[in-house]
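Q: Next one to model:
(chains A and B)
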Protein chains: 2
Amino acid sequence: MISSGGFLALFLSLATFSFALDNGLMRTPPMGWLAWERFRCDIDCKNDPKNCISENLFRDMADRLAEDGWKELGYVYINIDDCWSSMERDSQGRLQADPTRFPGGIPKLARYIHDRGLKLGIYGDLGTHTCGGYPGTTLDKIKVDAETFAEWGVDMLKLDGCYSNATEQEKGYPLMSAALNATGRPIGYSCSWPAYQGGLPPNVNYSLLGDICNLWRNYDDIEDSWASVLGIVDWFMTHQDILQPAAGPGKWNDPDMLVIGNFGLSVEQSRSQMALWAIMAAPLFMSTDLRTLSSEARAILQNKAVIGINQDPMGVQGGRLLKESSGIEVFWRPLSDSASTLVFFSRRTDMPYRYTTSLGKLNYTAGVYKVYDVFLQKTMPMLKDSTEFTVSVNPTGVVMWYLIPKAGVWEEGARYPDPRHRSRVTL
Amino acid sequence: MISSGGFLALFLSLATFSFALDNGLMRTPPMGWLAWERFRCDIDCKNDPKNCISENLFRDMADRLAEDGWKELGYVYINIDDCWSSMERDSQGRLQADPTRFPGGIPKLARYIHDRGLKLGIYGDLGTHTCGGYPGTTLDKIKVDAETFAEWGVDMLKLDGCYSNATEQEKGYPLMSAALNATGRPIGYSCSWPAYQGGLPPNVNYSLLGDICNLWRNYDDIEDSWASVLGIVDWFMTHQDILQPAAGPGKWNDPDMLVIGNFGLSVEQSRSQMALWAIMAAPLFMSTDLRTLSSEARAILQNKAVIGINQDPMGVQGGRLLKESSGIEVFWRPLSDSASTLVFFSRRTDMPYRYTTSLGKLNYTAGVYKVYDVFLQKTMPMLKDSTEFTVSVNPTGVVMWYLIPKAGVWEEGARYPDPRHRSRVTL
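A: Here you go, the predicted structure:
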């Protein structure tokens, strides 16, 4: 058993509050849909009209977010990624959408999205070109691009970092932050900067990032595979003592999109991604085809308890408590109102593993706790800190619990932590 | 594009017929259920009574095979793996089942299974101990163990190879073959021998294996993960020029169990395992909990067309035709009555890939072909050898086709290759 003393100790010093980019946005991790992982740079609208990067795709996804119960759960951003623009800026030097794939332009798409109570995100790249080879935002273009996005009614910007060096990034990312603020339009700001600088100090200054960005990509792009999800989790947990204090309301580490609903994850693995992203207080950007989503994937992505945990208003990032030699790992995140969440995760590839422990062994203070199983969707027997219990954890799967002290009560009639009602939970 | 000339050339010389272990069994790859991958050496019947290795588990699975449509599709073997026996032989030196977990003994379980029209497989180990530490079959015990199994009514033996050396294996595996034959009871014989000797000549003599075993494990144990399935596929395809000629009616390479229905594979990956096991003419031993199987997994395991292809009576193993730099791979297997199967497989982890080719490019002779899509379960438009077509292949997924020349006809009214009716297909 490897104990992670540093990780626990951090929370003991969490009496301080910190301030993030003061656009007032994203006090809880942003939620929505982002095109990249599932739809990439597919611009072949002739042969693949339903899936190519075009206004049709974003309208389709906006319809699904608005009509299939996503919006009410908090999934409100519809985010464009690379390959949306024309290969040339216009005669005034402004970015412009590809005229054949976005014949209505971005403003019309923004209206469509706003009319449905949703928000529009767009993609830019600090550098000479985007990663896909489209026009980039060089330092001299930052102001005009920020103004263009604001005029168009954009609500969020992901600023990638292909084709720029460290010096340009050090200038450009803060400049764009200021330029977005100067537009007067609240625009959430996602910075890929740390991912281009290895994600760790001293090359990355997380204090500065928290001041200028609402979220930031720390590490590699996610792929539609369990190996990719696991690699990301491992990196974030290995460096949790550095990453955890950087996060808070308005400023989030971003382990990248949810790939749930695509082709590479089993149902167990999908639950694991959702649970671990909630532990990490990660932005929840789905990147899947919401038109053809399976009922299993939908149930996981729409699980109210796991969303509620992810969206906890205290906004403290959790992490890994234990790595057992059996391949079982235990993750923990403190939540507001003395609640908390525990995730028991199995790295095994053989069969369900019966893991025995107690809340006391997991550093819980003495007392009795109410336990709600997030994926079983049921309340478990009360647990005393000293009581030994056994959870059966499936290979590559999780058991996820929401816990509150016995003295605390759930919302009247509520069976799970609901983000919309959290403020009314009493102790 | 890497062409695999050797692989194709092999089929051109397939005019010869070869003879396998002459017990007359397993003229097509055996099908059934095997405990190991899913249930391992779980002997904790006190805390895990539904899943521990006991007569209850095998009776439960026999009930499912008999009642849920499996038997009719060919899944007839119920196979015990390690950890079934007592830690000591009896006073006559015979193996005996653990008395608390198998209170009725193996003969009673065999009757239960036979009464349901199924067959019973058992596990032994050529060596001092089984891999799990139970009594092994040393050379001096081969005769008595073969006789014991025959008396008990056992229909198949998997003989593992832990705790023996190459010399002992070279003696023991043929000796057991002869001892089984000498009992007069037809007992299918699965040899783990090649897996313990690296799976390749000169340490492995596939000609000899075909003479003494009905099937043999060539390579590593499968685990409940896509990485494991992919590793096995890669090994078998890398060495297909050696392995392909070894297989035929009554003698099969065994890439190990189907892990479909467990925790680690997505739906796409499950279809891929089923398709590639059919290409390899592999034994189809499920190792999953048939009591709780999802409908998606059931549909894949019970797909009549892929079973029909796996069970093709000509019994020629197929293999990989092409590895494209795009990550698309094409697999092919020739079937009886001039039929064939093609599998388009994607190693990508991004998005569906549109792969364009023609039957001519895949070495099909000139002509028009009828095409049936195995997982879509529908007949496709006729294809001329020279016609370019595009298949969209999902990440880690397959598109699988069954093809017959236009002149050939499916069974009257049949929409897919049905193993039970294959002999009535006319050309």
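
Q: who touches the host helix or strand of residue A:210?
A: Element membership for residue A:210, per DSSP states H and E: helix A:206-212. Taking CB atoms under 8 Å, 6 or more residues apart in numbering or on different chains as the criterion, the residues outside helix A:206-212 that touch it are A:18-21, A:173-174, A:177, A:189, A:191, A:193-194, A:216, A:242-243, A:245-246, A:248, A:250-251. In short, each C-beta sits where N, CA and C put it, glycine included.

Q: Kindly report the same for stretch A:373-387.
A: Residues external to stretch A:373-387 that are found in contact with it (CB under 8 Å, 6+ apart): A:271, A:275, A:300, A:303, A:305-306, A:309, A:341, A:358-360, A:364-372, A:389, A:398-403, A:406, A:415-416.

Q: do the same with stretch A:131-150
A: By CB under 8 Å, 6+ apart, the list of residues contacting stretch A:131-150 from outside reads A:41, A:82-89, A:93-95, A:122, A:124-130, A:157, A:159-160, A:162-164, A:168, A:171-172, A:175-176, A:179-180, A:182-185, A:187.

Q: Could you turn the buried ones of those into a PyMOL selection?
A: Here the buried members of those are turned into a PyMOL selection, burial being counted by 16 or more other CB atoms under 10 Å in any protein chain shown:
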select buried, chain A and resi 41+82+83+84+85+86+89+95+122+124+125+126+127+129+130+157+159+160+162+163+164+168+172+175+176+179+180+183+185+187
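
Q: Who are the contact partners of the closest residue to residue A:155 other than its chain neighbours?
A: Distances taken as CB to CB, 6 or more residues apart in numbering or on different chains put residue A:119 closest to residue A:155, at 3.8 Å, once the chain neighbours are dropped. Contact analysis of residue A:119 by CB under 8 Å, 6+ apart lists A:32, A:76-78, A:113, A:155-156.

Q: and if we set it to 7 Å?
A: For residue A:119, the contact set (CB atoms under 7 Å, 6 or more residues apart in numbering or on different chains) comprises A:76-77, A:113, A:155-156.

Q: Just the buried subset of these, written out for ChimeraX, thanks.
A: Selecting the buried subset of the contacts of residue A:119 in ChimeraX, with 16+ other CB under 10 Å as the burial test, is done by:
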select /A:76,77,113,155,156
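
Q: Widest-spaced pair of the contacts of residue A:119?
A: Pairwise distances across these (CB to CB) peak at 11.3 Å, for the pair A:113 and A:156.

Q: sorry, back to before: in strands, which of the contacts of stretch A:373-387 appear?
A: Cross-referencing these with the strands (criterion: DSSP state E) gives A:341, A:358, A:368-372, A:389, A:398-403 as the overlap.

Q: Can you select the buried ones from those residues in PyMOL?
A: The PyMOL selection below is limited to those of these classed as buried (16+ other CB under 10 Å):
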select buried, chain A and resi 341+369+370+371+372+398+399+400+401+402+403
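
Q: Just flag the most distant two among the ones in strands among the contacts of stretch A:373-387.
A: Put simply, by CB to CB the two of the ones in strands among the contacts of stretch A:373-387 set farthest apart are A:368 and A:398, 24.0 Å from each other.

Q: measure the nearest residue to residue A:48 once chain neighbours are set aside to residue A:291 for me?
A: Nearest residue to residue A:48, sequence neighbours excluded (CB to CB, 6+ apart): residue A:42, at 5.9 Å. Counting by CB to CB, to the nearest Å, the gap from residue A:42 to residue A:291 is 15 Å.

Q: Within range of chain B, give me the residues from the stretch 201-350 of chain A.
A: Residues of the stretch 201-350 of chain A lying close to chain B by CB under 7 Å from any CB of the partner chain are A:223-228, A:263-266, A:268, A:349-350.

Q: Residue A:108 - how many residues pack around it?
A: When neighbours are counted by other CB atoms under 10 Å in any protein chain shown, residue A:108 registers 16.

Q: starting at the chain centroid, how far to the helix or strand hosting it?
A: Taking DSSP H and E as the criterion, residue A:108 maps to helix A:105-115. Using CA atoms, centre = their mean, to the nearest Å, the mean C-alpha position of helix A:105-115 is found 24 Å from that of the whole chain.

Q: pLDDT below threshold where in the stretch 51-200 of chain A?
A: Low-confidence segments of the stretch 51-200 of chain A, defined by pLDDT under 70, are absent.

Q: can you pull out the strands in it?
A: Under the criterion DSSP state E, counting those that start in this stretch, the stretch 51-200 of chain A carries strands at the ranges A:77-79, A:119-125, A:156-160, A:188-191.

Q: Residue B:296 is nearest to which of the ones you listed?
A: Nearest of the strands of the stretch 51-200 of chain A to residue B:296, taken as CB to CB: strand A:77-79 at 29.2 Å.

Q: Sheet partners, orientation included, of the closest one?
A: Sheet pairing for strand A:77-79, assigned by DSSP bridges, gives strand A:31-34 (parallel), strand A:119-125 (parallel).

Q: right, so of these, which gets closest to residue B:335?
A: Each of the strands paired with strand A:77-79 was checked against residue B:335 via CB to CB, and the shortest separation belongs to strand A:31-34, namely 44.1 Å.
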